Every structure is written in C-alpha cells, then in structure tokens.
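Engineer: need a structure here:
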Amino acid sequence: MPKRWTTPPATPLPPQAAQWADALSISPFLAQLLWQRGLDSAEAMDLFLNPGLSRLPQPTELPGLDQAAGHLAASLGSNARIAVWGDYDVDGVTSSALLLDFFQQREIEAQAYLPHRSEEGYGLNIPGIELLAKQGVGLLLTVDCGVSDIEPIARARELGMDVIVTDHHLPGDQAPDVCAMVNPKLGPCNVPGLTDLAGVGVAFYLAAALNRRLPGEPLDMREFLDLVALGSLADVVPLTNVNRILVKNGLLKISEAKRPGIAALKEVAGFTAGADLNSTQVVFGLGPRINAAGRLDDARSALDLLLSPDMVTARPYAENLNQMNKARRKIEDEIHSEALEQAQNILTDDSRAGLVLYAPHWRSGVVGIVASRVVEAMYRPTLILCDDNGSIKGSGRSIPECNIHQAITQCADLCAHFGGHHQAAGLTLADPDHLAPLMDR
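Structural biologist: Purely as a prediction, here's the structure:
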C-alpha cells in the first residue's frame with residue numbers, strides 16, 4: 001500500500017526564535033526545524049540537542065518510586081528472598097537482567113521468573129506464584145508487567161509474599177493489592193516524557209533509587225544504560241525527553257560493549273564487538289535476536305546471555321539466539337503471507353476500518369510482528385489471532401488515529417484478559433465462540 005504523507009500545518013516562528021538560536025549557538029534554520037518538530041522553547045531545544053545524564057529527572061518525580069524503594073530496602077534488611085518476575089520480550093528481559101545484575105553487584109541474592117509464552121502467557125499466573133512460594137520467596141518484584149494481574153497478586157499475598165509492581169502499561173479499572181506500585185501512567189506526573197518510559201526505564205529508576213538507600217559504596221548506574229537503551233528501543237517508546245537521554249547515553253555503552261552478552265550479540269548480528277551502533281541497528285540487529293527466544297521457546301536463554309560473565313559463556317547463547325531468529329523469520333514470512341491474503345479478501349467485500357485475522361495454526365509468539373507488517377501494508381488497526389492451548393489469543397497493532405487498547409476495552413466482555421498501549425495490545429478471548437462477535441464489532 002502506498003505511503004500516506006501528511007504535512008503538518010506550517011506554524012509561524014515566534015519572534016524570539018532568533019534569540020533562541022543565538023543563545024544555543026545554532027543556525028536560524030536549525031531553530032526552525034526544531035520548532036516544526038514541536039520544540040517550543042529554548043529549553044526544549046537545548047534538551048533535544050544536548051541530552052546529558054545530568055538532565056534526567058530525579059527518581060522522586062516518578063509516582064510510587066519512593067515508597068517502592070523504601071519498602072524494598074526494608075525487605076532486604078530482613079533478608080527476604082527476592083524473585084523478579086519479568087516478561088519474555090526485549091523490554092521484560094532487559095528489565096529482569098538489569099535488576100538481577102544490580103542485585104548481584106550489591107551482593108543481594110535474587111532469582112528470576114520469566115513465564116513461557118506458549119505455556120503460561122503474558123503476566124503473572126497463579127501456578128508460577130505458588131511455585132515461588134514453595135521455593136521460599138518472600139518478596140515478589142515485577143518488571144514490565146503486573147498492573148492488571150489482580151488474581152495472581154492476590155494469591156501471592158495470601159501466601160505471605162510482599163509484592164512490588166513496576167510496570168508501564170495502562171492500568172485497568174481495578175488495582176492489585178500491592179505493597180507499592182511504580183508506574184508512570186498512574187500519575188500524577190508533571191515531568192515531560194516520564195510517562196513514556198519503557199519497563200526497563202522504570203526498573204532503572206527503581207535501581208537508582210535503591211542504590212542510594214543501601215549501605216556500602218553505590219554502583220555507577222551508567223553501566224546499566226546499555227540494557228535501558230536496548231529495551232527502550234525494542235519497545236518503540238518515543239525517543240523524546242527522558243527516553244532520549246537514556247537511549248543516547250545507553251547507545252554509548254552498547255558501543256563500548258563491556259557487557260559480554262552485548263558484545264557477543266553484536267558479533268552474531270554481523271558487527272564487531274566494539275562497533276558504534278545507531279538506534280536502527282539496535283532495533284533491527286540486536287532486538288529481534290533477544291526477542292526470538294521468547295517468541296519460539298524460553299526467554300531464559302536471552303536472560304542468560306545478558307548476564308553472562310565472560311565471552312566464553314556468552315557466545316554459545318548468542319549463536320543459539322541467532323539460529324532461533326532465523327527460524328522466527330521463516331515462520332513470520334509464512335504467517336504474513338497468509339494474513340495479507342485474508343486481509344485482501346476481507347477488504348474486497350467490506351471496507352471496514354479495522355481487521356481481525358485468524359488462523360488456528362499461526363504461532364502466538366510471532367503474530368505481533370505480523371500485525372505490525374499488516375498495519376504498514378493496509379493502514380488499519382489489526383488483530384492477529386491464533387489457537388493457543390485451547391484458547392484464542394493474539395496481538396494487535398494500530399495506526400496513530402486509533403487507540404487500540406481503548407478499542408479492545410470496548411470488547412472486554414469477550415476477553416478473558418487483555419492489556420497494552422495506545423498502539424499495541426494483546427488479548428485472550430474468554431471463549432473460542434467469541435471470535436465471530438469480535439470480528440463483527
């Protein structure tokens with residue numbers, strides 16, 4: 001489908017633009033370009049051009065962070081056993097790796113729990129909670145998930161666990177019973193860009209706040225920015241304000257590749273370990289290989305790569321992820337071809353504004369990527385659904401004009417559960433018979 005180019009209306013430059021250009025030592029033409037990008041003050045332009053770490057908002061600006069860091073520090077003082085529950089995508093894996101690495105360097109014992117996509121699905125689940133309880137976990141810390149997991153968190157509390165949720169997804173109508181929750185979308189939050197943090201950005205802020213509270217020599221938090229950049233870029237968060245600062249400085253750490261897992265990942269992606277990478281190279285070179293683990297098998301291998309202590313350990317993990325990524329691409333292309341054919345057949349007879357596409361044999365770990373490609377081709381909000389362990393589940397992607405999370409909320413009566421953002425969401429139908437009504441809405 002041809003691209004639809006929309007030219008924003010021209011807004012006249014304010015009289016003070018020339019003064020901004022002089023103050024920032026930039027040309028009037030550059031000031032005009034920045035103005036057209038929506039940067040409407042000298043301060044905003046300066047932050048865009050000079051995203052230094054000193055300009056990061058303080059951790060106290062993030063809603064719920066002080067309470068979470070204080071509770072976590074107190075629990076560590078009582079030697080509570082910690083489990084970090086993450087997600088199987090790049091954001092969830094990097095968030096888990098960041099906190100586990102932080103805890104290890106602080107000599108705090110912690111374990112990870114990454115659910116298996118096809119066997120457990122997204123978010124927390126009661127069997128996993130009960131397994132952690134049997135292992136003696138007393139403190140459950142979520143990353144990139146948890147804001148909507150009412151029943152699993154209630155079970156964790158019944159079993160005597162303290163629960164701290166860190167997430168960045170949109171909340172539902174009901175909040176879980178937790179000791180603390182850090183989610184920039186819960187507000188109030190008056191710092192520009194803070195609500196756009198990825199899950200790994202929230203995890204980074206929690207670690208930074210905890211770093212100040214723990215006894216002993218604080219860690220240099222800059223050394224975790226490679227993980228922040230990788231997770232943020234893969235989650236396609238807006239690269240403005242806070243995210244721009246984190247990603248710009250994180251790309252420098254990815255270029256240094258002091259982390260053996262990052263160095264090995266760069267090698268299998270066709271770069272040298274010390275190569276300078278831009279955001280596009282990270283998104284299309286490194287991100288898909290981390291994602292491949294959770295899409296086709298178990299995300300644990302991606303986590304093990306990022307936590308590898310040396311190159312001898314890291315390289316086999318990286319090569320395994322590289323092979324899985326090749327298999328993922330083949331499966332994705334096959335599903336994409338079938339999905340496009342379905343979409344074209346639907347639109348031949350019906351000029352509907354959105355698409356719901358389904359085939360029982362499609363792989364749940366790949367349908368989100370396919371949905372993005374169908375949206376690009378057809379410019380319509382798209383849900384791609386498949387069978388998964390007796391249920392119908394899938395992922396959706398959207399266009400800027402449509403909030404897909406809000407659209408799915410209007411079909412909540414058909415869903416067992418759902419969650420996501422304005423432009424991306426996932427859902428599981430409450431009953432396979434709900435597929436036809438969903439397609440008709």
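Engineer: could you pull up phi and psi at residue 63?
Structural biologist: phi -60, psi 130 (degrees, to the nearest 10).
Engineer: can you tell me the SS state at the nearest residue to residue 339 once chain neighbours are set aside?
Structural biologist: With Cβ to Cβ, 6 or more residues apart in numbering as the measure, residue 357 is the residue that lies nearest to residue 339, at 5.0 Å, once sequence neighbours are left out. For every residue, glycine as well, the C-beta is placed using N, CA and C. Here residue 357 is strand, with the state taken from DSSP: H, G, I helix; E, B strand; the rest coil.
Engineer: quick one, what contacts residue 357?
Structural biologist: Neighbour list for residue 357: 339, 342, 343, 346, 374, 382, 383, 384, 385 [criterion: Cβ atoms under 8 Å, 6 or more residues apart in numbering].
Engineer: dump the residue contacts of the last one.
Structural biologist: This means residue 385. The contact partners of residue 385, taken as Cβ under 8 Å, 6+ apart, are 356, 357, 358, 362, 367, 392, 393, 394, 429, 435.
Engineer: how many neighbours does the nearest residue to the fifth one once chain neighbours are set aside have?
Structural biologist: Using Cβ to Cβ, 6+ apart and skipping residues adjacent in sequence, the residue nearest residue 367 is residue 384, 3.9 Å away. Summarising burial for residue 384: neighbours were counted as other Cβ atoms under 10 Å, giving 30.
Engineer: so residue 384, which state does it fall into?
Structural biologist: In terms of secondary structure, residue 384 is strand; the call rests on three-state DSSP.
Engineer: kindly state the beta-bridge partners for it.
Structural biologist: residue 357, residue 395 (DSSP bridges).
Engineer: surely it and residue 393 touch.
Structural biologist: No - in terms of Cβ atoms under 8 Å, residue 384 does not count as a neighbour of residue 393; the distance is 10.1 Å.
Engineer: following the lowest-mean-pLDDT helix or strand in the chain, which helix or strand shows up next?
Structural biologist: Comparing every helix and strand of the chain by mean pLDDT, DSSP states H and E singles out helix 117-120 as the least confident one, with a mean of 83. Past helix 117-120, further along toward the C-terminus, the next helix or strand under DSSP states H and E is helix 126-134.
Engineer: can I get the CA coordinates of that next one in PDB?
Structural biologist: This file holds the C-alpha atoms of helix 126-134, laid out as PDB (Å, rounded to 0.1, in the frame of the first residue of the first chain):
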ATOM      1  CA  ILE A 126      -1.200 -18.500  39.900                       C
ATOM      2  CA  PRO A 127       0.800 -21.700  39.300                       C
ATOM      3  CA  GLY A 128       4.000 -19.700  39.000                       C
ATOM      4  CA  ILE A 129       3.200 -17.700  42.100                       C
ATOM      5  CA  GLU A 130       2.600 -21.000  44.100                       C
ATOM      6  CA  LEU A 131       5.900 -22.400  42.800                       C
ATOM      7  CA  LEU A 132       7.800 -19.400  44.000                       C
ATOM      8  CA  ALA A 133       6.100 -19.600  47.400                       C
ATOM      9  CA  LYS A 134       7.300 -23.200  47.700                       C
END
